[in-house]
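>>> Below: sequence and its predicted model.
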Amino acid sequence: MKYTIDKQEKYSLIRLHEEKMDSNIAPNLKSEMITLHAEGVRSIILDLTEVKYTDSSGLSALLVGNRILQEDGGIFILAALTDHTLKLIKISQLDSVLNILPTIEEAIDAVFMHEIERDMKDGE
């Protein structure tokens with residue numbers, strides 16, 4: 001799996017450098033997200049700019065990432081989806097479950113908003 005990770009204080013940005021997010025990629029993607037979470041990362045942004053094709057195993061990896069981060073009060077955001085991936089997510093009715101934003105910048109903003117909201121809840 002070809003990818004880069006940009007680790008920031010509040011989030012990690014995973015840029016997938018693959019055209020297909022399928023059964024060849026999904027296990028490695030799941031492992032990487034689980035590892036990041038185990039290292040204490042609470043928010044992950046997944047940049048899917050280069051992904052032209054996604055199948056059910058790719059969707060499964062996305063759901064794993066979403067679940068492990070939400071269980072810990074974090075946030076998992078998909079950014080810059082291509083039409084094919086977005087259509088598949090909508091057909092699967094996962095657009096109501098997953099956080100999807102059009103740009104990386106909006107995803108970063110959402111991470112900071114999520115942090116602020118969580119801090120406010122913790123302070124109550």
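It's in.

>>> low pLDDT regions in this protein?
For the chain, no stretch has pLDDT under 70.

>>> Any figure for the gap between R118 and M33?
Shown here: R118 relative to M33, a distance of 20 Å by C-beta to C-beta, to the nearest Å. Every C-beta, even on glycine, is put in place using the N, C-alpha and C of the backbone.

>>> swap in P27?
As for P27, its distance to M33 is 11 Å (criterion: C-beta to C-beta).

>>> So between the two, which is more surrounded?
M33 (24 against 13; other C-beta atoms under 10 Å).

>>> Pull the contacting residues for the more buried one.
Counting by C-beta atoms under 8 Å, 6 or more residues apart in numbering, M33 touches I14, I44, A61, V64, G65, I68, L69, F76.

>>> repeat for M21
M21 makes contacts with L29, L48, V51, Y53, T54, D55, G58, A61, T85, as judged by C-beta under 8 Å, 6+ apart.

>>> And D6, by the same measure?
By C-beta under 8 Å, 6+ apart, D6 lies in contact with S12, L13, R15.
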